[in-house]
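need a structure here:
(one chain, ligands or ions: 2)
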Amino acid sequence: MPRFAANISLLFAELPYLDRFQAAAAAGFEAVEILYPYELAAKETQRALLANGLQLLLINAPPPNYTGGMPGYAAVPEGTDRFQRDIRRVLRYAEALKAGKIHVMAGYAKGEAARQTFIENLQWAADRAPEQQFTIEPLNSGDQPGYFLDDYNLAVEVLDAVDRPNVGLQYDAYHAQMIHGDALKVWETFGSRAVHVQIGAAPGRCEPGTGPVDFQKLFEAIDASGYTGWVSAEYTPSTRRTEDSLGWLG
Ligand SMILES: O=C(O)C(=O)[C@@H](O)CO
Ligand SMILES: [Mg+2]
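Ligands and ions are numbered 1, 2, ... in the order given. This next block holds a predicted model:
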């Protein structure tokens, strides 16, 4: 079985932010990801990680958060200044928190200029921080209408054009199933490009087992592929308490 981590922006969201770290550790997780840790000074998140013996796998760029912010500027032709400013800030957070990966969000844009902008911005970020691993993730257009990166074929085309070792694919079973209708097949086709993996059932984005995706098969395929990274649970529990949604962990 893969090593599982908890996305504590979605899991344990019934608790205040700083209480989620202890809850994740108590549930047996050793690693977490946080989509937007920017509302508090990095020091506070750092303390919570340390106090609970947790490793931080991934944060998103850009700030600020889900509620007010755009989902990125990396593919927005007129957004390059903003993109570079955000990346500088995210790199400071990532360094302080020892975040292994940064998910660079593309934003709302379409067409050739957007594609070229995305490629050049990713190259800029990759060259600015060669020691940092960046990821890109296709998001389904039902949840994010107009989001540039909405397909796995497009993601690998972009990665090939970017051609940097520190920019890779973030595979998410929920989005893969929503976009292409078969999360397992998407893994079999594109999994070799994945540097980070997230899971959630579709279409409800709840815990594994609440939709048609066969997670047992998916986990076996992930293991068989040689992927040795973390698999992060990124779903909204169907239960009131996150702990009660964790039966799929076995
Ligand atoms: O929505 C997802 O899936 C993600 O992984 C997020 O990073 C997007 O905010
Ligand atoms: Mg995801």
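
burial count for the residue nearest to Asn52 when sequence neighbours are not counted?
Leaving aside its sequence neighbours, Asn52 sits nearest to Ala25 (CB to CB, 6 or more residues apart in numbering; 4.1 Å). Glycine gets a C-beta too; all of them are placed from N, C-alpha and C. Counted with other CB atoms under 10 Å, the neighbours of Ala25 add up to 18.

element containing Ala25?
According to DSSP states H and E, Ala25 maps onto helix 17-26.

report all helices and strands that the helix or strand following that helix contacts.
Of the helices and strands lying after helix 17-26 in sequence (DSSP H and E), the nearest is strand 31-33. Helices and strands touching strand 31-33, by 3 or more CB pairs under 8 Å, 6 or more residues apart in numbering; DSSP states H and E, are strand 3-7, helix 17-26, strand 55-61, strand 230-233.

ok and the third one relative to helix 17-26, angle-wise?
Yep, that's strand 55-61 we're talking about. If you take axes from the mean of the first three to the mean of the last three CA atoms, to 10 degrees, strand 55-61 sits at 140 degrees to helix 17-26.

quick one, helices of the protein?
17-26, 42-51, 80-97, 112-128, 152-162, 173-180, 183-190, 215-225 (DSSP state H).

shaky segments in the protein?
64-68 (pLDDT under 70).

pick out the residue of it closest to ligand 2.
When scored by CB to the ion, the chain has Asp172 as its residue closest to ligand 2, at 3.6 Å.

alongside ligand 1, which residues does this protein contribute?
When proximity is defined as CB under 6 Å from any ligand atom, the chain approaches ligand 1 at 35, 60, 103, 137, 139, 172, 175, 198, 234.

let's see 8 Å
Within the chain, the positions near ligand 1 by CB under 8 Å from any ligand atom are 7, 35-36, 60, 66, 71, 103, 105, 137, 139, 143-144, 170, 172, 174-175, 198, 200, 234.

from those, which land in strands?
Counting by DSSP state E, the residues of the chain next to ligand 1 place 7, 60, 103, 170, 172, 198 in strands.

what sits against the last one?
With contact taken as CB atoms under 8 Å, 6 or more residues apart in numbering, Gln198 is in contact with 7, 33, 137, 170-174, 231-234.

could you do the first one as well?
The contact partners of Asn7, by CB under 8 Å, 6+ apart, come to 32-35, 198, 232-235.

mind listing the residues bridging to the residue nearest the centre of the chain?
By CA atoms, centre = their mean, the mean C-alpha position of the chain lies nearest to His103, the distance being 5.7 Å. His103 forms beta bridges with Asn60, Thr135, as assigned by DSSP bridges.

hang on, it packs against Asn60?
Yes: taking contacts as CB atoms under 8 Å, His103 lies within contact range of Asn60: 4.7 Å.

between those two, what contacts are shared?
Shared contacts of His103 and Asn60 (CB under 8 Å, 6+ apart): Leu35.

which among the residues of the chain next to ligand 1 end up buried?
Buried members of the residues of the chain next to ligand 1, scored by 16 or more other CB atoms under 10 Å, are 7, 35-36, 60, 71, 103, 105, 137, 139, 144, 170, 172, 174-175, 198, 200, 234.

that'll do, ta.
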